[in-house]
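# no sequence for this one, just the structure:
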C-alpha cells in the first residue's frame, strides 16, 4: 500500500546529528529553547514520532538546515516507545479514557527496541540524548499537565493510571529498558543520559555534559524553566472541572477564588502513599539504570 502525498510529507525527516527522544515533562521544552539560541546548533521538533506511527515506509530524508551546524531533532514522546500497528485515530481518541486499554491494545505496541530500530533505519549515524527524571516527581508533573484531558468525574491519579496514556507512562518509567534498547541499537558511544535534577542542582555539570555530547561550545544554563504546570492549577482542574468549559475571561477570574478554597498552593498533588508506591515500583529498575549509566560514563 502506498502512502498518500500528505503522509509522505509528514514522514520527511531532516538528517539529524542528535536525536533528543525524551522524556516528556523532563525539561524538553526548556532544553530545546536553550539549544535554539546556540549559534552552532539548529533544532526541529516533533518529527521523530512519525517514524513510530507510519507503518508503510515512504520516509524521505532531507539535508540538515546548515551543513556546518549540529542539527538536533527533538521529540520527547519517542521515549514513550508507542509504535502504532493499527488505527492511530482510535489510539488518540481513547488516550485519556479511564480503563480504555482494551479499546486500543491492538492498535499499538509499547516496545523501546522496536522504537529504536525504526529511528535507526533513518538516522543510523545519529547520537541519542535522553533526559530522565525521578519517577514520582516526573509522573506527578505529567499528571498535572494532563489533568484537564481527563473526564470531569474521573480525575484522580488512580484514574489516570488506568488510561492508555497512564499505562504507557508507567511502563516508560522503567528507564533502564529504554536506555538499554538504544545502547544495543545505536551503540554505547552514541547514547548519553542526563538527569533533569542537574538542571537546577548542578547546572554547570549539565551544560558541560550536554554540549560535550553535542560537540559544540559550552553555554551557561538560564535559570528559568519552561512549561511546568502549577500544582494548585491542577487541583482546581480536578475539583472544579466545570471551570475548564468556561470562556477564558471568566476562567481567569474564577481560578484565583477557587484556589483559595484548596489548601497547599505549591505542594505535591500526589499522596504520600502514591509516592511510596511509585518509588517501590521503580526501585529495581533504578538500580539497573545506575549500572547502565556507570557503563556510559
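That came through, no problem. None of the values given here were measured: they were computed from a predicted structure.

# so residue 43 makes contact with residue 69?
No - counting by C-beta atoms under 8 Å, residue 43 does not reach residue 69; the two are 10.0 Å apart. No exception for glycine: its C-beta is placed from N, CA and C like everyone else's.

# give me the more crowded residue out of these two.
Neighbour count, other C-beta atoms under 10 Å: between residue 43 and residue 69, residue 43 has more, with 23 against 16.

# over to the more buried one. Which of the three states is it?
The local conformation at residue 43, judged by DSSP: H, G, I helix; E, B strand; the rest coil, is strand.

# quick check: bridge partners of it?
Taking DSSP bridges, one finds residue 72 as the beta-bridge partners of residue 43.

# contacting residues for it?
Residues counted as contacts of residue 43 (C-beta atoms under 8 Å, 6 or more residues apart in numbering) are 32, 35, 36, 71, 72, 73, 74.

# number of nearby residues for the fifth one?
Residue 72 has 26 neighbouring residues, counting by other C-beta under 10 Å.

# tell me the contacts of it?
By C-beta under 8 Å, 6+ apart, the contact list for residue 72 reads 16-20, 32, 35, 41-44, 129, 214.

# okay, who's weakest in those by pLDDT?
Lowest pLDDT within those is found at residue 32 (92).

# which of the contacts of residue 72 has the most neighbours?
The residue in the contacts of residue 72 with the most neighbours, by other C-beta under 10 Å, is residue 19 (28 neighbours).

# for that one, give its distance to residue 269.
Relative to residue 269, residue 19 is positioned 32 Å away (C-beta to C-beta, to the nearest Å).

# show me where the stretch 1-150 of the chain has strands.
Under the criterion DSSP state E, counting those that start in this stretch, strands of the stretch 1-150 of the chain are mapped to 13-14, 18-22, 41-45, 61-62, 70-74, 82-84, 108-110, 127-132.

# winner for burial among the ones you listed?
Most buried of the strands of the stretch 1-150 of the chain by mean neighbour count (mean count of other C-beta atoms under 10 Å) is strand 18-22; its value is a mean of 26.

# give me the angle between that strand and strand 127-132.
Counting by axes from the mean of the first three to the mean of the last three C-alpha atoms, to 10 degrees, strand 18-22 lies at 20 degrees to strand 127-132.

# strands paired with strand 18-22, and their directions?
Using DSSP bridges, the strands paired with strand 18-22 are strand 70-74 (parallel), strand 127-132 (parallel).

# reformat the ones you listed as a markdown table; add distance to residue 186.
Output for the strands paired with strand 18-22, formatted as a markdown table (distance: least, C-beta to C-beta, whole Å):
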| stretch | distance to residue 186 |
| --- | --- |
| strand 70-74 | 14 |
| strand 127-132 | 5 |
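
# which one of these lies closest to residue 176?
The minimum distance between residue 176 and those falls on strand 127-132, with 9.9 Å, by C-beta to C-beta.

# what comes into contact with the closest one?
Contacts for strand 127-132 (C-beta under 8 Å, 6+ apart): 17-23, 26-28, 31, 72, 79, 119, 175, 178-179, 182, 186, 190-196, 210, 213-214, 289.

# ok, 7 Å please
Strand 127-132 is touched from outside by 17-23, 26-28, 31, 79, 175, 178-179, 182, 186, 190-196, 213, with contacts defined as C-beta atoms under 7 Å, 6 or more residues apart in numbering.

# which members of these occur in helices, if any?
Secondary structure assignment by DSSP state H places 28, 31, 175, 178, 179, 182, 186, 213 of the contacts of strand 127-132 in helices.

# give the contact list for the fifth one.
Same thing as residue 179. Counting by C-beta under 7 Å, 6+ apart, residue 179 touches 130, 191, 193, 289, 292.

# out of the contacts of residue 43, which comes closest to residue 85?
Closest to residue 85 out of these is residue 73 (23.1 Å), distances taken as C-beta to C-beta.
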